[in-house]
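**Q** Coordinates for the following, if possible.
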Amino acid sequence: DAAPSKADVSVGSPERGGNNACRVLLTHRGVSLEERRFDDETTEYTVRRGTRDAIARSAFPAWCALAACFAVAHALAAVADGTSSGGTAPSPENAGSGFRSPPLAFAAAASFAACLAVRALAGAVVSESALLMRHVGVRLSHETVLRFGGERKQRGVRFIDVHRLRSAAVLEAVRAKDVRSYLCFRVFPASALPEETATVGNVARDDRGPRETTGEGDDEKRRDGQGRREGRRVVLVFSKIRPGLPVAREAYRRAHAAMFAAREESVRDDTETEKNLRSEAEAFADSLRCLPGPARGLGWWRGAEGTGGDGDVETFGKSSRRESILMVSDFFLPNLGGVELHMYSLAQRLLKRGHRVTVLTHAYGDRCGVRYMTNGLKVYYAFRVPVYNGSTLPDIFGNFKLLRAILLREKITVVHAHQAFSVMGHEAVFHARTMGYKCVFTDHSLFGFSDTSAIHMNKLLVLTLSDCNHVVCVSHTAKENTVLRSGAPPRRVSVVPNAVDAARFTPDSSMRRSENGRVVVAVTARLAYRKGVHLLAGVIPAACAAFPEVDFLVAGDGPMRPHLERMTQKHGLTSRVTLLGNVPHERVVDVLRRAHVFLNCSLTESFCIAILEAACCGCLVVATGVGGVPEVLPPDLLFLAEPEPEALVAALSDAIAALPRTERSEKKSELSPAAIHARVREMYSWEDVASRLETVYARAHATRDTMNGRMARLRTCGVFAGWLFCAVAAVDYLYWRWLEFSDPAATKDAAPEYVPDDEEEEEEAE
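**A** Down below sits the predicted model:
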């Protein structure tokens, strides 16, 4: 871990006769910042505090006090033992051993506490230094109170190559578990810096080795290449002393100038340089403001009094900031479903728009831990086991510590929970709001008001949505249902529909023609009661009897598959009805390309993505007119029916009659597969969904709230439940404050961001 000897001696070494004069730049609350310049290339910055202050802030006084208490207890126990014996011989049970347990136990405890006190004294840090060697690197070290061996020993020495000064590399090079505070350097584009700063700032860009400036042409090329890219931030670490913001700002300004300024010595006293230093300090403050969550300022419970408001949403508009989004749900890949595909597709689009997306879900079989998916989508598969219908068992506080670590490590700015069934989503919103994060909740389903499960789910939804900054529903019907169930203000509920990947779901007329003139009706659904499998079992025999040219293609599996198998055998339709079983989602498009009509018999749907996928493949759609299904497609593409077999057969007859009969008529028809695909592609896209979600995130950031406002809202959740929710929220807050004390947020390492290979290649080329 020590610095390379060659770098230590050849560049900026005191033995070369440089000016070693030390001057104090700033003193704040007993902590001083000192500067020592060895030569033009080497400067050392030291954060120093008094010995008494270092000892007082360490564990030394506590261990000394504990050792003193044990010593006093030892003395009292010895006196009491001598008094009780009255100077006579020891008792028979202790006579043989000669052991008197209380005095000796206290003496051993006092000795052990004294050893720990000495160890704490030896580890108390008086000063920390950063030796900045331009074009070479940074050497970090700190000095402890006790000095052994007669010489001043430096412990925890680390050397960081200047060409690896990027956040991920620094976290690899420094033992990040000891990190307490950061100095964030930002290497700006050339257009945003003075000429001298931009020239040397390129040194931190290249990982392959030192790059010398050979001429004005090379300088100009590098400045031009740098100006086209965003500024990068690198991190310098003072791991033992918290210097305070004024000292940190001054250290930032000086250290940045020492490492990246080319002619800092000649322009030190110039007023223009002072302006540049002030602008750098403001940039540093901006970088702090970019940090997410409560770390960037006061928590939401410490704001102005009141119950909160929506902010100026109209002027806030669409978010232009780069978000770090945590999506939480019990339902995610490799499980297949509407919620899972919605989360994955939305995350991919948000990543392409420049945001950072992380997913938290439970483990699936042996898939546990951290996994990376396409485009660097990071997924935390937490060690939680689903207990009912894919949902985990509620534990309220059990996973708060894990969630807090993810929020801090990933620098989350928005927590986005999905699906009312998701226990992890509800818990994440509750804990994140305690920590002051902005939360958005997407409700994908419709619920009733009378059955037992709906009553309990609605009560839980009241708690979660009363605490969310904004709510998203996938259809207007779903919004109405959610507002009625939860009592959420309609102005805080937005409608953002699902979408379809039009590049994947494309029609293929050749696969239709391979059916030899037969009309194929496709069904892709989980074979469960909610999907109307009992209706499908009544529709298939009637449709086959009415339309001899119709075949059915059923993709999906579930508990009611035996019901369909018995139906096909009973009516002798095994040759006309094909049960494909479970089909991977990437193969569903092959099923839809063979079909002319898509049939959906669901009993409840807030928004059916399967309908969109079928229409995008050029199919006409027959569906039950339930929930938000009538909002999905225009009437000429969607044939609605009541959830009864006879009505569905009649709608299927209308759809078959609307099909183009010949290849020539198909090319001219507005209901040709290509025409239907083009219309659906214009109506729905994940790009549009991501753009709308950015507006939702902006509205979430525009909201204001306080702790009093949160408690006031929770009390309205019910006569008994309201006070119960308030009590749980109070305990959650106290638990969070305990975590902040026992495991401070400053000790959490920032997780490195995923960098695509093409960006790394472009950077190396530059």
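**Q** Helix or strand, whichever it is, which one in the protein has the lowest mean pLDDT?
**A** Taking mean pLDDT, DSSP states H and E as the measure, the chain has helix 195-201 as its least confident helix or strand, at a mean of 28.
**Q** What degree of burial does the residue nearest to residue 675 when sequence neighbours are not counted show, as a neighbour count?
**A** Nearest residue to residue 675 in three dimensions, chain neighbours excluded: residue 669, at 7.0 Å (C-beta to C-beta, 6 or more residues apart in numbering). In this view, the C-beta of every residue, glycine as well, is placed from N, C-alpha and C. Counted with other C-beta atoms under 10 Å, residues neighbouring residue 669 total 17.
**Q** Pull up the per-residue confidence for residue 669.
**A** Looking at residue 669, its pLDDT reads 76.
**Q** now residue 570
**A** Per-residue confidence (pLDDT) for residue 570: 93.
**Q** buried residues in the helix or strand hosting it?
**A** In the assignment (DSSP states H and E), residue 570 maps to helix 561-571. Using 16 or more other C-beta atoms under 10 Å as the test for burial, helix 561-571 gives 561, 564, 567-568, 571.
**Q** Output stretch 651-663 as CSV, restricted to C-alpha atoms.
**A** The C-alpha coordinates for stretch 651-663 follow below in CSV (Å, rounded to 0.1, in the frame of the first residue of the first chain):
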residue,chain,number,x,y,z
ALA,A,651,-67.2,-10.3,-31.1
LEU,A,652,-64.9,-12.9,-32.5
SER,A,653,-67.2,-13.3,-35.5
ASP,A,654,-67.0,-9.5,-36.1
ALA,A,655,-63.2,-9.6,-36.0
ILE,A,656,-63.0,-12.5,-38.4
ALA,A,657,-65.3,-10.7,-40.8
ALA,A,658,-63.1,-7.6,-40.7
LEU,A,659,-60.0,-9.4,-41.7
PRO,A,660,-58.7,-8.8,-45.3
ARG,A,661,-59.3,-11.9,-47.3
THR,A,662,-56.7,-11.7,-50.1
GLU,A,663,-53.1,-10.6,-50.2
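**Q** pLDDT averaged over that stretch - what is it?
**A** In this model, stretch 651-663 has a mean pLDDT of 85.
**Q** Stretch 585-597 now?
**A** Stretch 585-597 comes out at a mean pLDDT of 92.
**Q** All the strands of the stretch 501-650 of the chain, in order from the start?
**A** In the stretch 501-650 of the chain, the strands defined using DSSP state E, counting those that start in this stretch lie at 519-524, 550-555, 577-581, 597-600, 620-624, 638-641.
**Q** Does the helix holding residue 570 pack against any helices or strands, and if so which?
**A** helix 533-546, strand 577-581 (3 or more C-beta pairs under 8 Å, 6 or more residues apart in numbering; DSSP states H and E).
**Q** Any chance of CSV for the strands of the stretch 501-650 of the chain, columns distance to residue 381 and mean neighbour count?
**A** Putting the strands of the stretch 501-650 of the chain into CSV (distance: least, C-beta to C-beta, whole Å; neighbours: other C-beta atoms under 10 Å) gives the following:
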stretch, distance to residue 381, mean neighbour count
strand 519-524, 27, 23
strand 550-555, 27, 22
strand 577-581, 26, 16
strand 597-600, 32, 26
strand 620-624, 35, 25
strand 638-641, 38, 21
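**Q** quick one: which of the ones you listed is nearest residue 688?
**A** Residue 688 lies closest to strand 638-641 among those, at 19.9 Å (C-beta to C-beta).
**Q** tally of neighbours for the residue nearest to residue 368 when sequence neighbours are not counted?
**A** Spatially, and ignoring its direct neighbours in sequence, residue 368 is nearest to residue 381 (5.0 Å; C-beta to C-beta, 6+ apart). A count of nearby residues for residue 381, using other C-beta under 10 Å, gives 19.
**Q** For residue 381, give me phi and psi.
**A** With angles defined as degrees, to the nearest 10, residue 381 sits at phi -90, psi 90.
**Q** tell me the contacts of it?
**A** 361-364, 367-371 (C-beta atoms under 8 Å, 6 or more residues apart in numbering).
**Q** Most neighbours among those, which one?
**A** Using other C-beta under 10 Å as the neighbour criterion, residue 361 leads the contacts of residue 381 with 26 neighbours.
**Q** Hmm, that one is touching residue 330, no?
**A** Yes: Residue 361 is in contact with residue 330 according to C-beta atoms under 8 Å; the separation is 6.4 Å.
**Q** shared neighbours of these two, anything?
**A** Shared contacts of residue 361 and residue 330, counting by C-beta under 8 Å, 6+ apart, come down to residue 424.
**Q** what about residue 644, how many neighbours?
**A** Neighbours of residue 644 using other C-beta under 10 Å come to 13.
**Q** Relative to residue 631, how far out is it?
**A** According to C-beta to C-beta, to the nearest Å, residue 644 and residue 631 sit 21 Å apart.
**Q** all strands for the stretch 351-500 of the chain, in order.
**A** Along the stretch 351-500 of the chain, counting by DSSP E, counting those that start in this stretch, strands occupy 356-362, 369-372, 378-382, 386-388, 391-392, 414-418, 438-443, 470-473, 493-495.
**Q** would you turn these into a markdown table with distance to residue 609?
**A** Below are the strands of the stretch 351-500 of the chain laid out as a markdown table (distance: least, C-beta to C-beta, whole Å):
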| stretch | distance to residue 609 |
| --- | --- |
| strand 356-362 | 18 |
| strand 369-372 | 24 |
| strand 378-382 | 21 |
| strand 386-388 | 22 |
| strand 391-392 | 21 |
| strand 414-418 | 14 |
| strand 438-443 | 14 |
| strand 470-473 | 15 |
| strand 493-495 | 16 |
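**Q** can I get those in CSV with distance to residue 611 and mean pLDDT?
**A** What follows is those, written out as CSV (distance: least, C-beta to C-beta, whole Å; pLDDT from 0 to 100):
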stretch, distance to residue 611, mean pLDDT
strand 356-362, 26, 96
strand 369-372, 31, 92
strand 378-382, 28, 95
strand 386-388, 28, 88
strand 391-392, 26, 91
strand 414-418, 20, 97
strand 438-443, 19, 96
strand 470-473, 17, 95
strand 493-495, 17, 93
